[in-house]
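Trainee: Need a 3D model of the following:
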Amino acid sequence: MTGRVGFACKYLHDDQNLKPKVLKEIQQPLNFRGTTIKWLRENNDNAQEKVYDLIEHNLNATENLVDYVSSLPMNQRMLRLGSDMLPAYTEPNFGHLSKTNYITSKVADKLNTIGIKARNNQVRLSMHPGQFCVLASDREEVVKKSIEEFEYHVDIARWMGYGKSFQDFKINVHISGRQGPEGIKNVLGKLSPEARNTITIENEENAWGLDSCLELEKHVPLVLDIHHHWCNSNGEYISANDDRVKRVIDSWRGVRPTCHYSVSREEHLPEHRTDIKPDFTSLCEQGLNKQKLRAHSDYMWNTAVNEWAGTFRENFDIMVEAKMKNLASIPFEEETR
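Mentor: Numbers count the residues shown, from 1 in each chain. Sure, this is the predicted structure:
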C-alpha cells in the first residue's frame, strides 16, 4: 500500500471564507479549547470547574476528530493528537486539577473508546511534545521536567490502549539539548516501559541533524524530517533510496516508519516557480534569511518538491506539517498517489 498522509492536531473546514462565527461553530467541536496558568491562578475558585469543562470538551473533540479522519480514504487516515488535551497536567501548582479520581476515570474510559475506534478504522495516531520537552538537556531539573512531560503523553497513549508493545503509535521528540545523542541514550533507562516502546527521535534543522540522529539508530526509531534535513544540510534533497534513509527505516524494526514533510512559506518565495525546487544556497546568497526558509508553509504549494516528497511514500507514512492542516495534507496525498 502507498503510505498514509496525515495532518497535525487541528481540523479546518473546506470553506475558510465563511464568516468567523460560522467557522467556529463548525470547527470547534473537533478542536481543543484551552486556558492559561495565569487565568487559573487569578480564578482559583473556579479553576477546577474550568479544567473539568476543558477536559470534557477536548476528549469529545478528540473523538470527533478521529471520527472525521476515519471517514477519509484509507491513505489519509493518519493524525497527530494535540498535546493540550488535559490542561495543566504537568504544571506543579495546578496539575492536581486534572488528576482527581473522578476525572482520571472519565479520561481513561473515553480514551479507551477512542483508541478502539482508531484501531478499528486503521487510523494511525501519534503525538509530539512541544519544544520544552528537552530530554537531552545538560540541566538535571530540565531533564526531570521533560521526562514528566513525556510521560504525560505516554499516559494518554496508555489509556488509549497503546504502548504495551513496540507498535506504530509513537511519541516523537527532537534531541534539542546540549548533551545530544548521548543525552538521549542516558535518559532512556529513566523512562517507563511504555515510553520506551513509543519514543521516536526526529532530526532537527539546526544543531542535531540526520547524522546525529543516526547515532541512535540502534536505540530508538528515527523520524526523518525531510524539510529539516534540507535546511540543516544547506539544501540537500535527500533521495528516498539514500543509505541513510535505509538506516532510518531499519531503526523501526519492522514497523512502517513515518517521516515529516513541510516546505518553506509562500510569502518568503512569492515569485518562485511552483515547478522548480527552491535552491537553498542560492536563496541564502540572495539575502533570504535561513530562519525564514525553515518556517512551515500554509499549503504544499510547490509541485516539484511535492513530487520529490512523494517518492518517500513507498516506504513511509508522511505527516504533513503545514499551517492549513487537512486542507494541505489531503491535496498533497491526492497529488502524490
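
Trainee: all contacts plus neighbour counts: C-alpha atoms, from now on.
Mentor: OK.

Trainee: which stretches of the stretch 1-150 of the chain form helices?
Mentor: Counting by DSSP state H, counting those that start in this stretch, residue ranges of the helices within the stretch 1-150 of the chain are 20-27, 37-42, 47-70, 101-120, 140-159.

Trainee: Looking at the ones you listed, spot the one closest to residue 270.
Mentor: helix 20-27 (26.9 Å; CA to CA).

Trainee: any idea of the angle the closest one forms with helix 47-70?
Mentor: 80 degrees (axes from the mean of the first three to the mean of the last three CA atoms, to 10 degrees).

Trainee: Go ahead and flag the most central residue of this protein.
Mentor: residue 128 (4.1 Å; CA atoms, centre = their mean).

Trainee: which residues does the closest residue to that residue other than its chain neighbours bridge with?
Mentor: Nearest non-adjacent residue to residue 128, counting by CA to CA, 6 or more residues apart in numbering: residue 172, 4.9 Å away. For residue 172, the beta-bridge partners under DSSP bridges are residue 200.

Trainee: Switch the helices of the stretch 1-150 of the chain over to a markdown table, and while doing so, append distance to residue 272 and mean pLDDT to every line.
Mentor: Output for these, formatted as a markdown table (distance: least, CA to CA, whole Å; pLDDT from 0 to 100):
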| stretch | distance to residue 272 | mean pLDDT |
| --- | --- | --- |
| helix 20-27 | 31 | 97 |
| helix 37-42 | 43 | 93 |
| helix 47-70 | 33 | 96 |
| helix 101-120 | 40 | 94 |
| helix 140-159 | 40 | 96 |
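
Trainee: export these to TSV and tack on distance to residue 274 and mean neighbour count?
Mentor: Listed next are those as TSV, based on distance: least, CA to CA, whole Å; neighbours: other CA atoms under 10 Å:
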stretch	distance to residue 274	mean neighbour count
helix 20-27	30	12
helix 37-42	43	13
helix 47-70	29	20
helix 101-120	36	16
helix 140-159	38	19
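
Trainee: So the residue of the chain most remote from its centre versus residue 39, what's the distance?
Mentor: No residue in the chain sits farther from the centre than residue 45, which is 34.3 Å out by CA atoms, centre = their mean. Distance, residue 45 to residue 39, by CA to CA, to the nearest Å: 11 Å.

Trainee: Is residue 6 in contact with residue 318, as I believe?
Mentor: Yes: if you go by CA atoms under 8 Å, residue 6 and residue 318 touch, sitting 6.4 Å apart.

Trainee: Give me the more crowded residue out of these two.
Mentor: The neighbour count for residue 6 versus residue 318, taken as other CA atoms under 10 Å, is higher for residue 6 (29 against 26).

Trainee: Would you mind giving me the confidence score for that one?
Mentor: Among the per-residue scores, residue 6 shows a pLDDT of 98.

Trainee: show me what contacts it?
Mentor: By CA atoms under 8 Å, 6 or more residues apart in numbering, the contact set of residue 6 is 76-80, 317-320, 326, 329-330.

Trainee: ok, and the most crowded of the residues you listed?
Mentor: Neighbour counts for these, by other CA under 10 Å, peak at residue 320, which reaches 30 neighbours.

Trainee: Skipping adjacent residues, who's closest to residue 55 in space?
Mentor: That would be residue 86: by CA to CA, 6+ apart, it lies 5.6 Å from residue 55.

Trainee: thinking again about what came up before, do you know how far the residue nearest to residue 128 is from residue 253?
Mentor: Applying CA to CA to residue 172 and residue 253 gives a distance of 16 Å.

Trainee: Looking at these two, which is more packed in?
Mentor: residue 172 (21 against 14).

Trainee: Give me the pLDDT value at the more buried one.
Mentor: The model's pLDDT for residue 172 equals 97.

Trainee: hang on, the earlier thing: surely the residue nearest to residue 128 and residue 201 touch.
Mentor: Yes: assessed by CA under 8 Å, residue 172 is found in contact with residue 201 at 5.8 Å.

Trainee: Next, show the common contact partners of the two.
Mentor: Common contact partners of residue 172 and residue 201 (CA under 8 Å, 6+ apart): residue 223.

Trainee: Count the neighbours of residue 73 for me.
Mentor: Neighbours of residue 73 using other CA under 10 Å come to 10.

Trainee: ignore the last one, residue 233
Mentor: 17.

Trainee: show me what contacts it?
Mentor: Contacts of residue 233 (CA under 8 Å, 6+ apart): none.

Trainee: Which residue ranges of this structure form strands?
Mentor: 5-8, 78-81, 124-127, 170-174, 199-202, 222-225, 258-261, 317-320 (DSSP state E).

Trainee: So which other helices or strands are in contact with the third one?
Mentor: The criterion is 3 or more CA pairs under 8 Å, 6 or more residues apart in numbering; DSSP states H and E, and the helices and strands that strand 124-127 contacts are strand 78-81, strand 170-174.

Trainee: Quick one, which of those strands gets closest to residue 139.
Mentor: Once these are compared by CA to CA, strand 170-174 is nearest, at 16.4 Å.

Trainee: Kindly calculate the angle that the closest one makes with helix 140-159.
Mentor: Compare the direction of strand 170-174 with that of helix 140-159 by the same axes, to 10 degrees and you get 160 degrees.
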